[in-house]
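Enquirer: What follows is a predicted protein model with its sequence.
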Amino acid sequence: MSLDPSSFPRSNSPASSDSSLTRSRLRGKEEPLKKDKNYRRYASTVERALSLFDTALQEWADYISFLSRLLKALQSHPGDMPIVPHKQLVAKRLSQCLNPSLPSGVHQKALEPEGLSHDLPLYLPGIAPTLTFASLTVRPLFLSLVETYICNLEPWAIRPALKAILLALLPGLEEETSDDFDPTMRLVNKFRDIASKMDTYKQEAETSPSGHYFWQCLFLASITSPSRRSGVLAYLNRYLPKLGITDRRPSKSDVNNAKDLPHDISVAADSVILPEPGLLIRCFATGLADEQVLVQRNFLDLLVTHIPLSSPILQARITKDDLQRLIVAAVGVVSRRDMSLNRRLWAWLLGPEPPNDRPSFEARNSISDNTTQPVPDAQEISQSEYFSRFGLTPLVNGLLAMIDKDTEVPSEKTRPFRVSLSLMDRWEVGGYIVPEVFLPIMRSVQAFESKAPKIHFEEVFRSASSFFDGVESGVIFSELLHLIDWKPKDLATGHEKVLKNLELAHFILENFNVREEDMVLAHVPLLTLSTIIKLSELSPEKNPKLDQERLRAVSTGLSRVMTSLTGLLSERAFTKKSDTHKADGSYSDVPGSQILSRIHAFYEQSKQSLDPQPLPFAPKPLGELIISNAYEQAIEALDGPGDATQMQERISLLIIMLKKLPKTKILRDRRLYFALCNRVRAGQVETSTASFAAISSIASAITSMYFIHSPGYYITYEDVSDLIPALVNRLWQYLSPLNPKFHVEAVRSLWHLHSVSWTDHLVEAAITSLMVDVPNGHRQSSSAEQAGRYFVLWSHSHHGTYELPPKHLHNVPQLGISYQSSMLERPLFIVLDLLNQGVNEASQVVHRWLEDLSSIHK
């Protein structure tokens with residue numbers, strides 16, 4: 001083991017302390033004496049004694065012999081020369097003789113003082129670690145040395161070494177039952193008295209009893225030396241002044257005068273917070289983050305008994321950053337999952353228990369509003385109000401700072417998630433915290449996914465999912481509602497924020513567990529209705545001054561959210577009985593803004609009360625509202641000049657709602673049918689992508705509507721039959737061999753229409769009519785162009801699955817053959833008739849087609 005005293009690190013003194021003595025100052029008294037013959041003889045004797053350390057030390061007894069020779073050499077100094085030659089080397093050898101591996105006899109011999117105390121900067125680093133390893137026989141000698149020689153030094157000599165002296169003494173305070181505890185405590189207090197003579201913060205006529213500098217050094221010792229915190233705690237438990245009222249929570253009048261300090265508290269506080277209170281806060285913050293549970297527990301005890309959260313010192317005398325640092329460090333103990341730590345944390349965050357020890361659930365009348373009834377000024381505030389007044393803001397700010405910290409280390413990223421989850425154990429705290437941190441946590445996870453490795457993201461996501469599952473459903477969907485309910489000025493000033501909110505809502509719905517029973521039955525329908533109402537606000541007619549690209553981008557984002565929600569809708573949510581609504585009122589005439597306000601009010605009331613709140617709409621009227629709004633938007637899209645994509649989205653949304661929700665009579669007014677007719681029959685026939693999207697979506701919509709619940713419930717067979725010829729006419733144009741990109745969807749749409757009217761061959765009749773009619777109205781043989789369209793229909797019908805009949809018709813006898821032939825048979829005969837026209841372009845086209853058919857045996 002190395003005997004070099006440099007292995008013991010030297011700690012820093014407070015920033016306000018005087019600088020240490022320099023080497024030049026130590027050598028200043030020796031230089032003039034080197035010319036004196038007596039001094040040179042004395043120095044030579046000491047040098048010879050020191051040389052024995054390198055040559056004659058084999059056993060531990062040799063160390064005692066060396067120390068005796070050195071002591072004898074030092075005692076031979078001339079009477080007029082109280083100087084130690086080679087004092088740096090002497091200090092080094094003495095500290096090496098205090099090595100823990102040597103027996104206590106060597107330690108005792110090394111601690112025998114002989115006029116060496118005035119060179120404190122040289123000798124203190126060597127003897128400072130003694131109490132950490134000294135035996136029971138050595139400890140009293142060390143304490144006697146410190147008390148006899150170091151305590152009697154001038155304050156200017158002790159000041160730069162006070163922190164090191166305290167670090168040397170604190171190990172003696174770790175065991176309260178040891179024989180050295182009281183002498184060590186007495187010695188520490190003696191240095192505190194000495195430090196009161198050093199204070200320069202206030203120059204007063206009388207000596208200050210506070211010892212500001214002593215407290216600074218003690219706090220620094222705890223901050224920089226975790227191994228000394230047990231000793232610091234022993235001292236703080238006895239002498240740290242109480243900085244607030246700890247036996248009761250403040251009354252209303254106390255809260256109103258929170259910054260008024262009682263005189264006794266003010267005087268006691270000055271001793272520990274002047275000239276700068278940051279050291280006190282950092283002392284507790286580092287102690288609360290200690291690796292030992294016992295140390296954390298004792299620091300929490302000190303907070304509860306000496307520094308309550310309502311303390312005027314914390315609320316008025318320290319900076320906001322320091323209070324935030326302290327509270328974040330305190331709540332960090334929840335990661336230990338130790339009940340003893342958590343009990344102390346709740347006691348500090350919520351204040352003392354009520355005097356009558358009433359159960360907490362009796363006080364849960366409201367989380368955020370405890371002023372609904374007159375309360376006398378003398379009555380204590382509730383625990384939830386205590387936390388909201390004194391700890392909520394710094395704790396929220398601290399958690400948000402942790403969430404926003406840019407790190408890719410999963411353990412660091414998930415720390416605020418785990419802390420927030422643990423804080424939900426107490427409703428008085430979690431009820432305030434969760435709404436503030438929920439969306440920031442979700443944004444943090446969303447951003448982390450794009451920049452972190454997959455394995456790191458999975459770890460972070462697991463922690464975020466645990467947090468999400470612990471949050472109440474009402475809070476989750478309240479925040480989702482705020483994400484999709486933008487303000488008009490948000491679109492006017494810039495849509496980037498709106499798009500980010502919509503992306504986050506979609507991320508939450510797609511990745512987290514939103515399929516709990518209460519979510520599906522209560523909250524998903526409300527959010528679906530809100531989303532549909534917001535969709536109606538994006539029409540160009542209602543936003544004439546906004547850029548169309550901006551509206552389209554927002555509409556796309558909101559449609560993605562709606563797609564996620566429709567997958568969560570269940571018919572059970574609209575058929576369950578409601579105990580809170582006696583009658584199903586009609587809300588068909590209620591504006592969308594009022595509906596949104598009513599839903600917002602429901603979630604705000606749910607946050608403020610622990611009792612379940614009645615839903616803003618009964619299940620059946622809620623379903624009617626959803627279908628009604630989707631119905632109006634579909635009609636508006638069909639009648640308006642909007643693009644085909646928007647029309648397709650609105651019609652698809654209506655179809656999904658009709659499938660998911662119970663039967664309704666809203667469509668009985670046939671307004672949708674008339675809108676479909678006008679859209680199909682209006683305008684010139686063109687083969688653009690937008691036009692095809694509109695026609696194919698209409699064909700799919702009327703087919704789907706016909707089969708929902710029961711055939712003909714939402715649109716009659718007669719109405720479908722009336723639309724089929726016009727739709728087939730438009731779809732037939734897209735089967736031209738010159739437009740291959742439309743072929744698959746056009747054929748699919750024709751088969752959809754055929755699935756409704758196959759028994760009456762309506763699609764087959766329409767196709768036959770198109771093949772034999774020409775623009776001038778005279779009937780003649782079909783042209784090669786019409787044959788080419790039929791070849792496309794034939795090819796895609798036999799290579800796809802479009803020729804299969806609907807599921808509810810599968811039991812009809814001989815259905816398969818008749819269903820397929822009922823659309824392709826007569827047009828096929830017309831095509832084959834072209835072979836009888838002699839050699840021309842049409843017959844040659846048909847002949848080549850027949851040769852290429854794989855189904856014909858050659």
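Expert: Good, I have the coordinates.
Enquirer: Please name the nearest non-neighbouring residue to residue 568.
Expert: residue 524 (4.6 Å; C-beta to C-beta, 6 or more residues apart in numbering). Where you see a C-beta, it was placed from the backbone N, CA and C, and this is true even at glycine.
Enquirer: Counting neighbours, which bits of the helix or strand hosting that neighbour end up buried?
Expert: In the assignment (DSSP states H and E), residue 524 maps to helix 524-536. By neighbour count on 16 or more other C-beta atoms under 10 Å, the buried set for helix 524-536 is 524-535.
Enquirer: Just the CA trace of that helix, in PDB.
Expert: C-alpha atoms of helix 524-536 as PDB (Å, rounded to 0.1, in the frame of the first residue of the first chain):
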ATOM      1  CA  VAL A 524     -63.900   7.400 -28.100                       C
ATOM      2  CA  PRO A 525     -67.400   8.400 -29.200                       C
ATOM      3  CA  LEU A 526     -67.000  11.900 -27.800                       C
ATOM      4  CA  LEU A 527     -63.600  12.400 -29.500                       C
ATOM      5  CA  THR A 528     -65.000  11.000 -32.700                       C
ATOM      6  CA  LEU A 529     -67.900  13.500 -32.700                       C
ATOM      7  CA  SER A 530     -65.400  16.300 -31.900                       C
ATOM      8  CA  THR A 531     -63.100  15.300 -34.800                       C
ATOM      9  CA  ILE A 532     -66.000  15.200 -37.300                       C
ATOM     10  CA  ILE A 533     -67.100  18.700 -36.200                       C
ATOM     11  CA  LYS A 534     -63.500  19.900 -36.700                       C
ATOM     12  CA  LEU A 535     -63.500  18.400 -40.200                       C
ATOM     13  CA  SER A 536     -66.500  20.500 -41.100                       C
END
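Enquirer: That one - contacts with which helices or strands?
Expert: Helix 524-536 sits against helix 473-484, helix 548-566, helix 572-575, helix 592-608, helix 619-639, helix 644-660, with contacts defined as 3 or more C-beta pairs under 8 Å, 6 or more residues apart in numbering; DSSP states H and E.
Enquirer: Let me have the ones you listed in CSV, adding distance to residue 235, mean pLDDT and mean neighbour count as columns.
Expert: What follows is these, written out as CSV (distance: least, C-beta to C-beta, whole Å; pLDDT from 0 to 100; neighbours: other C-beta atoms under 10 Å):
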stretch, distance to residue 235, mean pLDDT, mean neighbour count
helix 473-484, 45, 95, 21
helix 548-566, 59, 91, 19
helix 572-575, 63, 89, 17
helix 592-608, 45, 91, 16
helix 619-639, 65, 92, 22
helix 644-660, 69, 90, 22
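Enquirer: Assess the claim that residue 412 and residue 418 are in contact.
Expert: No: using C-beta atoms under 8 Å, residue 412 is not in contact with residue 418, being 11.1 Å away.
Enquirer: In terms of packing, which of those two has more residues around it?
Expert: residue 418 (18 against 13; other C-beta atoms under 10 Å).
Enquirer: got a list of what the more buried one touches?
Expert: 334-335, 463, 466-467 (C-beta atoms under 8 Å, 6 or more residues apart in numbering).
Enquirer: in which helix or strand would I find it?
Expert: Per DSSP H and E: helix 410-423 holds residue 418.
Enquirer: And for residue 838, the neighbour number?
Expert: 8.
Enquirer: domain parsing for this protein?
Expert: 11-239, 474-665, 670-858 (automatic domain parsing).
Enquirer: As CSV, the ones you listed with distance to residue 434 would be great.
Expert: Formatted as CSV, the domains of the chain follow (distance: least, C-beta to C-beta, whole Å):
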stretch, distance to residue 434
domain 11-239, 33
domain 474-665, 6
domain 670-858, 40
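Enquirer: Which of those has the lowest mean pLDDT?
Expert: By mean pLDDT, the lowest-scoring of the domains of the chain turns out to be domain 11-239, with a mean of 69.
Enquirer: And the closest residue in space to residue 626 that isn't next to it in sequence, how far from residue 510?
Expert: Among residues not flanking residue 626 along the chain, residue 529 sits closest, at 5.1 Å (C-beta to C-beta, 6+ apart). Using C-beta to C-beta, to the nearest Å, we find residue 529 at a distance of 20 Å from residue 510.
Enquirer: ditto for residue 231
Expert: Residue 231 is 55 Å from residue 510, by C-beta to C-beta.
Enquirer: which one of the two has more residues nearby?
Expert: residue 231 (27 against 13).
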